[in-house]
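> Below are the sequence and a predicted model for it; my questions follow.
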Amino acid sequence: MATVDIQDATKSFGSTRVIRGVSIDIRDGEFVVLVGPSGCGKSTLLRMIAGLEGIDAGEIRIGGRRVNGLLPKERDIAMVFQNYALYPHLTVADNLAFSLKLRHAPQQEIEQRVARAAKILGLEPLLARLPKQLSGGQRQRVAMGRAIVRDPQVFLFDEPLSNLDAKLRVAMRAEIRELHQRLKATTIYVTHDQIEAMTMADKIVAMHDGVVEQVGTPLELFDRPRNVFVAAFIGSPS
Ligand code: ADP
Ligand code: MG
């Protein structure tokens, strides 16, 4: 079970409160898109779930377990970033294996997990290449592969497609949804792109200025926006 429950979470940087009492319930296996304008606190909230930022008040539970204060590696999550964060001097295979080696996984298990991720993402012909020898889409696939090898309960994506051109972005949206169909892991996907949110989400969490404005299916937010912010933001693609 990998539910993610956030209860009244708050976070300040200096005297600025950037997360102001956020509560979200995410069910096991759900694909949730956290959407809102730049600067509203999406990345900060995702980093709090990952354990990369502390939480000032409130509670985060993953699979029912309170994780406040636990290190990222003690949480059953894997995160995919916007800038891919691949190691430039390592081959695709070594990039995929890196986090498993860090955890001293047995060599045979590392090989099995890397082979499985490569198969799922179609990376088998690319395993010996360096990141600079890959296209943008291929790099993004390696970044996803690095999350898959860990076989986490929860995937966190932070604007993973924003560096890709428009056509590739559309293709990768479908690929990420297919991946989710296949792995069925709970997924929290951050974007500022309303179209991405509307086309990918089981459930949308609309954020504005450090608070959750509305939670619902894409259709619910479109048909029955709770306030002017949601109506304007969901209704007017930028
Ligand atoms: P988003 O991902 O929605 O664009 P962020 O979570 O990155 O928003 O940022 C929310 C707010 O917190 C912004 O005003 C940003 O400038 C501020 N912020 C984010 N990280 C830090 C930090 N490490 N130190 C100070 N301010 C930060
Ligand atoms: Mg961000």
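Perfect, thanks for sending it. Given the structure is predicted, the values throughout are model-derived calculations rather than measurements. Ligands and ions are numbered 1, 2, ... in the order given.
> Tell me which residue is most central in this protein.
The structure's the chain has its C-alpha centroid closest to Phe157; by Cα atoms, centre = their mean the separation is 1.8 Å.
> Helix, strand or coil: sort out Ile204 for me.
The three-state label given to Ile204 by DSSP: H, G, I helix; E, B strand; the rest coil is strand.
> tally of neighbours for it?
25 (other Cβ atoms under 10 Å). From N, CA and C alone the C-beta is placed, and that goes for glycine too.
> Repeat that for Thr44.
Around Thr44 there are 18 other residues, counting by other Cβ under 10 Å.
> OK, contacts around the closest residue to it other than its chain neighbours?
Among residues not flanking Thr44 along the chain, Val18 sits closest, at 5.3 Å (Cβ to Cβ, 6 or more residues apart in numbering). By Cβ atoms under 8 Å, 6 or more residues apart in numbering, the contact list for Val18 reads 11-12, 41, 44, 210.
> okay, these in TSV with pLDDT, secondary structure and distance to Ala105 next?
Conversion of the contacts of Val18 to TSV gives the following (pLDDT from 0 to 100; DSSP: H, G, I helix; E, B strand; the rest coil; distance: Cβ to Cβ, whole Å):
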residue	pLDDT	secondary structure	distance to Ala105
Lys11	98	strand	33
Ser12	98	strand	38
Gly41	98	coil	35
Thr44	98	helix	31
Gly210	98	coil	38
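> Narrow those to those that are buried.
11, 41, 44, 210 (16 or more other Cβ atoms under 10 Å).
> Now flag whichever of the residues you listed is closest to ligand 1.
Thr44 (3.3 Å; Cβ to the nearest ligand atom).
> Tell me the spacing between that closest one and Lys11.
Distance, Thr44 to Lys11, using Cβ to Cβ, to the nearest Å: 6 Å.
> any shared contact partners between those two?
Shared contacts of Thr44 and Lys11 (Cβ under 8 Å, 6+ apart): 18-19, 53.
> mind checking how far Phe98 is from Glu111?
Taking Cβ to Cβ as the measure, Phe98 falls 14 Å from Glu111.
> just checking, Gly54 touches Met48?
Yes - proximity of Gly54 to Met48 meets the contact threshold set by Cβ atoms under 8 Å, at 7.4 Å.
> name the element Ala232 belongs to?
Per DSSP states H and E: Ala232 is located in helix 228-235.
> That helix near ligand 1 at all?
No - judged by Cβ under 6 Å from any ligand atom, helix 228-235 stays clear of ligand 1, getting no closer than 12.5 Å.
> nearest residue to Asp94 other than its sequence neighbours?
Tyr87 (7.4 Å).
> chain center to the helix ranked longest in the chain: distance?
With secondary structure taken from DSSP state H, the chain has its longest helix at helix 166-183. Helix 166-183 has its C-alpha centroid displaced from the chain centroid by 13 Å (Cα atoms, centre = their mean, to the nearest Å).
> Show the subsequent helix or strand relative to it.
Taking DSSP H and E, what comes next after helix 166-183 is strand 186-191.
> Need the residues that contact stretch 135-149.
For stretch 135-149, contacts defined as Cβ under 8 Å, 6+ apart pick out 78-81, 84-86, 92, 95-100, 113-114, 116-118, 120-123, 126, 131, 134, 155, 160-161, 163-165, 168, 171-172, 175-176, 179, 183.
> which ones among those are found in helices?
Judged by DSSP H, the subset of those located in helices is 92, 95-100, 113-114, 116-118, 120-121, 168, 171-172, 175-176, 179, 183.
> Do you know the pLDDT at Phe31?
Phe31 is assigned a predicted lDDT (pLDDT) of 98.
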